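1. Dropping the sequence and predicted coords here.
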There are 2 protein chains.
Amino acid sequence: MPSKTNDPKRKTWLETPAQTDFPIQNIPFGVFLTRDDIITIGTRIGDFAIDLGALHQLGYFEGIPLTDDIFLQDTLNDFIADGRKTWRAVRNRISEIFEESNADLRDNSDHRDTVIFALDEVEMQLPVQIGDYTDFYSSKEHATNVGSMFRDPENALMPNWLHMPVAYHGRSSSIIPSGIPVHRPQGQKLPNGATEPIFGPSRQLDFELEMAFITTDANELGQPIPADQAEEYIFGLVLFNDWSARDIQRWEYAPLGPFLGKNFASSVSPWIVTLDALEPFRTASPKPEKELLPYLEYTGKKTFDINLEVSIKPENKTETVVSKSNFKHLYWNMSQQLAHHTINGCPVNSGDMMGSGTISGPTPKSYGSMLELSWKGSKPVKLKEGGDRKFIEDKDTVIVRGHCEKTGAARIGFGEVSTKILPVFKPKKK
Amino acid sequence: MPSKTNDPKRKTWLETPAQTDFPIQNIPFGVFLTRDDIITIGTRIGDFAIDLGALHQLGYFEGIPLTDDIFLQDTLNDFIADGRKTWRAVRNRISEIFEESNADLRDNSDHRDTVIFALDEVEMQLPVQIGDYTDFYSSKEHATNVGSMFRDPENALMPNWLHMPVAYHGRSSSIIPSGIPVHRPQGQKLPNGATEPIFGPSRQLDFELEMAFITTDANELGQPIPADQAEEYIFGLVLFNDWSARDIQRWEYAPLGPFLGKNFASSVSPWIVTLDALEPFRTASPKPEKELLPYLEYTGKKTFDINLEVSIKPENKTETVVSKSNFKHLYWNMSQQLAHHTINGCPVNSGDMMGSGTISGPTPKSYGSMLELSWKGSKPVKLKEGGDRKFIEDKDTVIVRGHCEKTGAARIGFGEVSTKILPVFKPKKK
């Protein structure tokens, strides 16, 4: 069904840059505020933001069963709840509307003025109201690195790790879109050799290079989702930077897991790229090293070849790429993650977000956190314009980018998620 | 301010049972479906459910700044977001309307027919849309018992436990109101002595006797809430049964904490009892055993004397009370919990739910879970009509109840949260 929409020869009548993450083959979904302070659901082609609410009012989605206000909302949740058949029909229709030979919108300047915005005229919002946020821990390299540093290099992986996609619940209230700055968190830390904690700003503030998928309403309380049906319930993916305060996390996490070391912020890219757009980049997951329990078995290729990178940009300086990784390194794929999450009957709803966990690759330059890149601070990472980093400093901006490319397919990208770190919050004096 | 409303001498013109959890001094808030399938926000007096949407339309809240549809909603979130001044004004007004000498509603049978329902005519709903659910671990006795069983009786408490109210994030999608049955979860378990996990139904299904508080919009990203201001942001409390599958939990929980062992269900009582109603039962928390970091210090009495009990009712048999505990046993109070949760800048919103953690008391009969009551299954708990329980069996109903009472104050109760366990979910054959 999406093959025509994904055809790399397809061109749009919009002027787009020669290389863009958002060609007419992408058609991601997001939410933005227009220059008139109206909130709407939209898509992006090249450097244009397209108002789907306006397109719908003008009749461009005729024939697709959609409620009148489906795009005039401040989140994508209701549209996502409409299900995969509807997402596909809408994405394919948008592709037709902007295809170079289609004159309907192209030659109607009134309609174009209502529907099309330059990207810098709109303000991107969080694309979904996140019901629940789960973070997996699905990179074997990351789990091995962390286990080596904090436990035992000989037994770096916990005994359960090769049997299940380990995960924990995160905080959805602190998930923010690209561009929102984050104050350095403070909290309890146990200095080396001490037995009593001290209080203060985190000195080991870190990014985590992740991606996250967004689900639709999937199951009722009590009903598992089989791995081979899981993709039916996955709307799309975003870039995800799961901020971490390693010193706070280390003191608090036993026995119930990370809490304040994580829940001060997680940053997401604003455009959700659908699985249909990623279809040309489907690839196989690493081969399982242990026999899988049947509920985690699946057929076919269930992951995607997505190039990822992280940059650090100190204030008023150029950025330095500090990590290059790939989504395909993940040992556990999204279908297994969703099957595992629901095997006990846990309900998954429209707008839920599932983080991959830090995506580290096999080489030191592909590690997905400063903790690993600087090996707990023992190997500072050099920056282009001088200086180095063990962890993230105040006024640094961290930028995560991701895209797919290969011969015979259009480039499909995610844009970026960019976040500046501010000093610890100081309450105003009264 | 609430003193008149809490006056134990105050009586209502409604006929109420001699002993009720819901006298005119309580005035809890909940959401229900009426016989006409209309959803509304309501309160309860005795065995009557009172439609606040209808009362508001009839003008009974005149003078209180409320939007027209504030009670005609399917959750309390917007009302809670209106803040403590508004909750107080509404609770006090309801108390006046139903006070025995007030003829306005009492003598208007048309109004009474619109506003007052017998409890068995309405269907209670989840009272809030839960943005995020956090579970604390604030009973020293519970943490000590679990640490003794699973780690080391000599070092049962983790080093961080006396320094902070340890907590983790839970799953909000599986929080359900009293009366909704729960299928026994299945998942991975590691049999004793084995190195490879097996798959199957949990054989150690357990309740956890907890309470949970519900917050209003409290802070912006980055801004901590001081402990002495925390109660400003707490709307009220419910009974909370945080279902647990001990065998699933034990295999999965290291290093990131509980996940599938918890997220299949948590059951809550439907009426939120406000802190104002609990005011006469304010009491001191246990004395800290370690010096507190300043952000966890507070002044005054910040907890409440609430009697709690758990019953098991096998199908077609009478129930047996298996635990009697008290909310006041908790080492960390709600003000400390909220100060800790936000010290790193984590935002707390209207409708967030914070579980206390299992509330175990100092004696074996006051333990708040079967894990502790049966000491990992080694001491089965006898039931009244014969038989015993190590953990919860299929078709058992678990009922948690809670109330406050003392001389010179009206009894204030929470009613109950009652949940039946069903066998493992079987998909329908196609």
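-> Received it, and whenever you're ready, just let me know what you need. Numbers count the residues shown, from 1 in each chain, chains lettered A, B, ... in the order given.
2. Output the below-cut-off pLDDT ranges for chain A.
-> A:1-2, A:430 (pLDDT under 70).
3. Looking at the record's assignment, how would you partition it?
-> A:3-124, A:133-422 (automatic domain parsing).
4. how about those in TSV, adding distance to B:Phe48 and mean neighbour count?
-> Placement of C-beta: from N, CA and C, glycine included. As requested, the domains of chain A are exported to TSV (distance: least, CB to CB, whole Å; neighbours: other CB atoms under 10 Å in any protein chain shown):
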stretch	distance to B:Phe48	mean neighbour count
domain A:3-124	36	17
domain A:133-422	30	20
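5. Please dump those into CSV; it should also carry distance to B:Tyr60 for every row.
-> Listed next are these as CSV, based on distance: least, CB to CB, whole Å:
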stretch, distance to B:Tyr60
domain A:3-124, 33
domain A:133-422, 35
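6. In CSV, list these along with distance to chain B.
-> Shown next, in CSV, are the domains of chain A (distance: least, CB to the nearest CB, whole Å):
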stretch, distance to chain B
domain A:3-124, 12
domain A:133-422, 2
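7. Quick one, which of those gets closest to B:Thr363.
-> Nearest to B:Thr363 among these is domain A:133-422 (24.4 Å), distances taken as CB to CB.
8. What segments of the stretch 201-350 of chain A are strands?
-> Ranges of strands in the stretch 201-350 of chain A, per DSSP state E, counting those that start in this stretch, are A:205-206, A:209-215, A:234-241, A:244-245, A:266-268, A:273-274, A:282-283, A:303-304, A:307-313, A:320-326.
9. And those: which comes nearest B:Asp396?
-> Closest among the strands of the stretch 201-350 of chain A, using CB to CB: strand A:209-215, at 32.3 Å.
10. Check which helices and strands the closest one sits against.
-> strand A:234-241, strand A:307-313, strand A:353-355 (3 or more CB pairs under 8 Å, 6 or more residues apart in numbering or on different chains; DSSP states H and E).
11. elements contacting the longest strand belonging to chain A?
-> In chain A, assigned by DSSP state E, the strand with the most residues is strand A:412-422. Packing partners of strand A:412-422 (3+ CB pairs under 8 Å, 6+ apart): strand A:182-183, strand A:234-241, strand A:266-268, strand A:273-274, strand A:397-404.
12. As a markdown table, those with distance to B:Ala230 would be great.
-> Shown next, in a markdown table, are the helices and strands packed on strand A:412-422 (distance: least, CB to CB, whole Å):
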| stretch | distance to B:Ala230 |
| --- | --- |
| strand A:182-183 | 20 |
| strand A:234-241 | 30 |
| strand A:266-268 | 24 |
| strand A:273-274 | 41 |
| strand A:397-404 | 32 |
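13. The ones you listed: which one's closest to B:Arg171?
-> Using CB to CB, the helices and strands packed on strand A:412-422 put strand A:266-268 closest to B:Arg171, at 16.8 Å.
14. Distance from the chain centre to that closest one, please.
-> For strand A:266-268, the separation from the chain centroid amounts to 8 Å (computed by CA atoms, centre = their mean, to the nearest Å).
15. likewise stretch A:384-401?
-> 20 Å.
16. Same question for stretch A:281-294.
-> Worked out by CA atoms, centre = their mean, stretch A:281-294 lies 22 Å from the chain centre.
17. Pull the CA coordinates from that stretch and hand them back as CSV.
-> What follows is stretch A:281-294, C-alpha atoms only, in CSV (Å, rounded to 0.1, in the frame of the first residue of the first chain):
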residue,chain,number,x,y,z
PHE,A,281,15.0,0.7,5.7
ARG,A,282,13.6,-2.4,7.4
THR,A,283,16.4,-4.7,8.5
ALA,A,284,17.1,-7.7,10.7
SER,A,285,17.8,-7.6,14.4
PRO,A,286,21.0,-9.2,15.9
LYS,A,287,20.6,-13.0,16.2
PRO,A,288,19.4,-14.1,19.6
GLU,A,289,22.1,-15.6,21.8
LYS,A,290,19.7,-17.5,24.0
GLU,A,291,16.6,-19.5,22.9
LEU,A,292,13.6,-17.2,23.1
LEU,A,293,10.5,-18.0,25.1
PRO,A,294,7.7,-18.4,22.5
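18. Apart from its neighbours in sequence, what residue is nearest A:Ser311?
-> Nearest residue to A:Ser311, sequence neighbours excluded (CB to CB, 6 or more residues apart in numbering or on different chains): A:Glu319, at 4.0 Å.
19. Show the contacting residues for that neighbour.
-> A:Glu319 is in contact with A:311-313, A:384, A:397, A:399, counting by CB atoms under 8 Å, 6 or more residues apart in numbering or on different chains.
20. follow-up on the earlier one: and of the helices and strands packed on strand A:209-215, who's closest to A:His163?
-> strand A:353-355 (19.1 Å).
21. elements contacting the helix or strand that the closest one is followed by?
-> As assigned by DSSP states H and E, the chain's next helix or strand after strand A:353-355 is helix A:370-373. When contacts are defined as 3+ CB pairs under 8 Å, 6+ apart, helix A:370-373 packs onto helix A:140-150, strand A:320-326.
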